[in-house]
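# below is the sequence, then the predicted model.
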Amino acid sequence: MSEAPATWTESFIVYRHDGDHHGNAKPGALLRYGQQIATTHAEAVGLNDELYAATHTAYVLAKLALHVVRTPHVDEKLTLVTQPERCKRAVNKRITRYYDAAGQEVAVLDSRWVLIDTDKRLILRKHPEQFNDQWAEDVPFELPMRMTKADPGDCRPVGEFTATYSRCDMNGHMNNTRYADVLCDALPWEVWDKGEVRDLMIYYHWEIPQGGRCALYTARTGESTYYFYGEREGKSSFEASLTFGE
């Protein structure tokens, strides 16, 4: 296994299908760029599907925070620079910064990953030696990860959603980026006409398998912040918050 570079850089175009009715990049699209560069970086140093299959492991996302300084627009070229941190208390932190053509930072993603045993469905605090924790010893930056939650009794139901074909990935469950799409779909159009997402936070508690159904609830926790939680089979599947700004 080769030594991992401290950072990895990759460029993406905000395609038309990644834009909303204002031509703004959708939050889910920004998360998908972040997921892709993390995957490419890992594969470049041998952390690939063959290794995961041989060790009966998989990386899953435990939580993330996305801060948007300026919403990118369709047809923009974005340069992403990602830097992962070594495993600490079973968690790998990865910071990914998004830059526009002028070199200005337009967004930053703080994602926290855990390696699981796919047979026992347990988080591995000690990684197999093949993983060789080769990322940076320390990445001295993080986004706020404390979510303001609403009491369940104050939340209103906004329907159910299903882990459909287009929402699921090769792991057989709803892809972590698709949760952002579900949250955005739950908000009325007028919210999108008054502002843009500045902060997104998601805690992933219990994966939704393909075909699984999840009830969605929401409440306002601030003038421009919406709290969400998803419930499946009586258990919390995830929690999230969206904060809007001009």
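In hand now; what should we look at? Numbers count the residues shown, from 1 in each chain.
# tell me which stretches of this structure form helices.
27-44, 49-55, 178-185, 189-194 (DSSP state H).
# export these to a markdown table and append columns for mean neighbour count.
C-beta: built from backbone N, CA, C; applies to glycine. Below are the helices of the chain laid out as a markdown table (neighbours: other C-beta atoms under 10 Å):
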| stretch | mean neighbour count |
| --- | --- |
| helix 27-44 | 20 |
| helix 49-55 | 13 |
| helix 178-185 | 21 |
| helix 189-194 | 11 |
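# let me see the contact set for the residue nearest to Glu246 when sequence neighbours are not counted.
Distances taken as C-beta to C-beta, 6 or more residues apart in numbering put Gly195 closest to Glu246, at 5.6 Å, once the chain neighbours are dropped. Listed by C-beta atoms under 8 Å, 6 or more residues apart in numbering, the contact set of Gly195 reads 224, 244-246.
# that older thread, any chance of the helices of the chain in a markdown table, with distance to Ser111 and mean pLDDT too?
As requested, the helices of the chain are exported to a markdown table (distance: least, C-beta to C-beta, whole Å; pLDDT from 0 to 100):
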| stretch | distance to Ser111 | mean pLDDT |
| --- | --- | --- |
| helix 27-44 | 7 | 96 |
| helix 49-55 | 18 | 94 |
| helix 178-185 | 12 | 98 |
| helix 189-194 | 25 | 94 |
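# how about the ones you listed in JSON lines, adding distance to Arg213?
Listed next are these as JSON lines, based on distance: least, C-beta to C-beta, whole Å:
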{"stretch": "helix 27-44", "distance to Arg213": "20"}
{"stretch": "helix 49-55", "distance to Arg213": "28"}
{"stretch": "helix 178-185", "distance to Arg213": "12"}
{"stretch": "helix 189-194", "distance to Arg213": "25"}
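# and those helices: which comes nearest Ala240?
Ala240 lies closest to helix 178-185 among the helices of the chain, at 5.6 Å (C-beta to C-beta).
# what helices and strands are in contact with that closest one?
Other helices and strands packing on helix 178-185, by 3 or more C-beta pairs under 8 Å, 6 or more residues apart in numbering; DSSP states H and E, are helix 27-44, strand 196-204, strand 225-232, strand 235-245.
# just the angle for the longest one relative to strand 196-204, thanks.
Note on geometry: by axes from the mean of the first three to the mean of the last three C-alpha atoms, to 10 degrees, helix 27-44 and strand 196-204 are set 50 degrees apart in direction.
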